[in-house]
Structure formats: C-alpha cells, structure tokens
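# Sequence and predicted structure, then a few things I'm wondering about:
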Amino acid sequence: AFRNRLMFPIIDVSGDVIAFGGRVMDDSKPKYKNSSDTPVFKKLRNLFALNFARMSCAESMILCEGYMDVIALHAAGFTNAVATLGTAITSDQARLMSRYTKKVIICYDSDEPGQKAAARALRMLEEVGLEVSVLKIPGAKDPDEYIKEYGKDKFRAVLEQSRSKFEYNMDGVLSKYDINLPQDKIEATSALVRMI
C-alpha cells in the first residue's frame, strides 16, 4: 500500500505509533495515503504532531494542511503546529483541539482549495468555542515554502498579523470586486453590510 512513499508515523498523545501516512515522491495520485482505520486509529479523530504540540499550544495552535508544513514549522521552533490527516477538518478534530488550546491560527495553502478549506475550518473551530484567525502567507504557497525562502523570524512576524474571521471574510468579498468602479463599490458595500 505504501510502496515508493515517504513514511510519516502518526503518534497519539500517549506517544504510541498508531498509524502511518505516506507521501508520494513523484506526481502519482493520491499524493498522501494514510493507514486504514483500526480500533486504535480513526483518521477523522486524530491530528498529526499533536503529541508534540500539546506541550506548547496552551495559548495558540497552528493548523496546517500537511505533514511537511508541520515538520517545517516544528524545525523552525513553532512547536504548536498540527495538521489534519489528509482530509478537511472534522468536528471531532475541532473538539480535540479545544481540549488543548483556546486559539487556532489556520495556516492553509494560499491556493483556492486551501482557502475554501480555511473557510470551512473557521466555521467548525468557532462552533466548539475556539478563537480563530487565518494566516495569509505573502509570496509563498505554504508555510514550508515561506520559511525556506524568508526564514523563521519573518514567518513569526507574519504569524502575528493573522486575520480575524471578519477581516478574512472582508478580504474575500473585496477580492471579488473592483472598488474603483461605482457599481462594484455598491455591490461590495452591500455584501459587507450583510456580513456585518
């Protein structure tokens, strides 16, 4: 099942390896593959690297899309990073995060699928009472790429500028309109008023 894949152990909060994730080394599909569910491993109820992040995430937790982003963040000293296991966030994962932290910073890829997943994660995390913000990564598609290009200090500065739900949604509305055009300005204003 995992032939020609780079293997990542999935470890529970007790420190036991309960499954594996495998990433292809070429353009094969699927890009990631996880162990099948077992009595000790339910993909939708676990988070990658929570076994490490739980030690340093009381104030905030960084939610990433993939293993490589989490590993890059931990290597750069951001040990409060976790990732869902190749799926969109589930209510079980949101509840699990709420046991360990009070704030989640969503740090998904800057492409369209990543931003759609971020919008879904925002809703699910707020439903369990977490304070949520979204990180917009300038000049890179993901945190791993950003840290390699600009370094951990610049990433820390970007992290501190994560956007609230309102700011994130406002950016989404404004990106759809050219506010230099009167009609677009009216439509954007109407959309923002409805949002408020």
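Noted; the coordinates are in hand. Numbering: from 1, shown residues only.

# low-confidence ranges in the chain?
Low-confidence segments of the chain (pLDDT under 70): 169.

# what are the ranges of the helices in it?
Using DSSP state H, the helices found in the chain span residues 50-53, 67-75, 91-100, 112-127, 143-150, 152-159, 165-174, 182-195.

# Just send these back as TSV, with distance to Lys42 and mean neighbour count too.
Backbone N, C-alpha and C define where each C-beta goes, glycine included. TSV is the format used below for the helices of the chain (distance: least, Cβ to Cβ, whole Å; neighbours: other Cβ atoms under 10 Å):
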stretch	distance to Lys42	mean neighbour count
helix 50-53	14	22
helix 67-75	18	21
helix 91-100	8	18
helix 112-127	17	16
helix 143-150	26	19
helix 152-159	30	16
helix 165-174	28	15
helix 182-195	36	12
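
# Switch these over to a markdown table; also include distance to Ser35.
Listed next are these as a markdown table, based on distance: least, Cβ to Cβ, whole Å:
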| stretch | distance to Ser35 |
| --- | --- |
| helix 50-53 | 16 |
| helix 67-75 | 14 |
| helix 91-100 | 17 |
| helix 112-127 | 22 |
| helix 143-150 | 23 |
| helix 152-159 | 31 |
| helix 165-174 | 34 |
| helix 182-195 | 41 |
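
# and Ala88, what is it in contact with?
Going by Cβ atoms under 8 Å, 6 or more residues apart in numbering, Ala88 touches 117, 120-121.

# Indicate which one of the helices of the chain is closest to Ser60.
helix 152-159 (9.0 Å; Cβ to Cβ).

# which residues are contacting that closest one?
With Cβ under 8 Å, 6+ apart as the criterion, helix 152-159 contacts 62, 76-78, 105, 107, 135, 137-138, 143, 146-147.

# Of the helices of the chain, which is nearest Met25?
Comparison of these against Met25 by Cβ to Cβ identifies helix 67-75 as nearest, at 12.3 Å.

# Show me what the closest one is packed up against.
Applying 3 or more Cβ pairs under 8 Å, 6 or more residues apart in numbering; DSSP states H and E, one finds that helix 67-75 contacts strand 17-24, strand 61-64, strand 81-83, helix 143-150.

# can you put those in JSON lines and add distance to Lys176?
Output for the helices and strands packed on helix 67-75, formatted as JSON lines (distance: least, Cβ to Cβ, whole Å):
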{"stretch": "strand 17-24", "distance to Lys176": "34"}
{"stretch": "strand 61-64", "distance to Lys176": "25"}
{"stretch": "strand 81-83", "distance to Lys176": "29"}
{"stretch": "helix 143-150", "distance to Lys176": "25"}
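
# closest one to Ser175 among these?
helix 143-150 (20.3 Å).
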